[in-house]
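>>> Based on what follows, work out the 3D shape:
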Amino acid sequence: MIREISSRQIKLLPFVFCALLIIGAIEAQATIMKFLEVEDLTRISSHIFHGQVIATDSYWNAERTAIYTDIKVQIKEAFKGSLSPGEIVTITQLGGEKDGVLLDFEGRPQFSVGESVVLFTTRGRNSNLTVVALKQGKMQVEGSEVVRDFSGIILVEKTSRGKGLQAIQPRQTRLTLDELRSRIASAK
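Coordinates of the predicted model:
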């Protein structure tokens, strides 16, 4: 039996889709967030730079209710902001492991000592930097390319009619460093 769908039911479809997307994300343990192009990340960042991770340190907050991780990064090249090559900055983020306790969430950027990264950051409390847009604000440098990792994130954007959201696949996950420099410079 074929049933006719009313115009009211059709108008509800974007909301039903979004609800299903959220339920799917909860079951898949993913974070839902708006997809940001390099230009979007540039506009919301105060400091953008290429650097190397030289140390990480996880610790409890004063109340022992949350774990934070400080990531020390030595600057190789600054694209935006007042940082200089050779300078060491501290990135602070919620999450990490301390005393056998892991505080983690999907979409949290992970850092390893020795890795080369491009970070889109802004000043947080304590004047330390924090990565903007979770994993979208961290790009790993592999040779002369920059790689974007979207694992654990469901990326969405507004539909063409602007009334709903739709899940998307990122259009580009690899850029050359030269292309990234150019896109950042044009978006400042």
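
>>> what about residue 64, which SS state?
State at residue 64, reduced to three classes by DSSP: H, G, I helix; E, B strand; the rest coil: coil.

>>> i'd like the first residue to be 718 from this point on
Happy to do that; since the first residue is 718 now, the last one works out to residue 781.

>>> could you pull out the helices for this protein?
724-745, 755-761, 894-904 (DSSP state H).

>>> Can you tell me which of those helices has the worst average pLDDT?
Looking at the helices of the chain, the lowest mean pLDDT belongs to helix 724-745 (a mean of 45).

>>> which regions of the protein lie under the pLDDT threshold?
For the chain, the stretches flagged by pLDDT under 70 are 718-746, 879, 888.

>>> just the strands in it please.
Assigned by DSSP state E, the chain shows strands spanning 748-751, 764-777, 784-797, 805-811, 813-815, 818-820, 833-840, 846-848, 855-859, 862-865, 870-875, 882-884, 891-893.

>>> could I get the fourth one in PDB with only the CA atoms?
Just to be clear, that refers to strand 805-811. Taking Å, rounded to 0.1, in the frame of the first residue of the first chain, the C-alpha atoms of strand 805-811 are listed here in PDB:
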ATOM      1  CA  ILE A 805      57.800  27.600  22.600                       C
ATOM      2  CA  VAL A 806      54.100  28.000  23.300                       C
ATOM      3  CA  THR A 807      51.700  26.000  25.500                       C
ATOM      4  CA  ILE A 808      48.400  24.700  24.100                       C
ATOM      5  CA  THR A 809      45.900  23.700  26.900                       C
ATOM      6  CA  GLN A 810      43.000  21.500  26.200                       C
ATOM      7  CA  LEU A 811      40.400  19.600  28.200                       C
END
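
>>> and it, what does it pack onto?
For strand 805-811, the elements it packs on are strand 764-777, strand 784-797, strand 846-848, judged by 3 or more CB pairs under 8 Å, 6 or more residues apart in numbering; DSSP states H and E. Where you see a C-beta, it was placed from the backbone N, CA and C, and this is true even at glycine.
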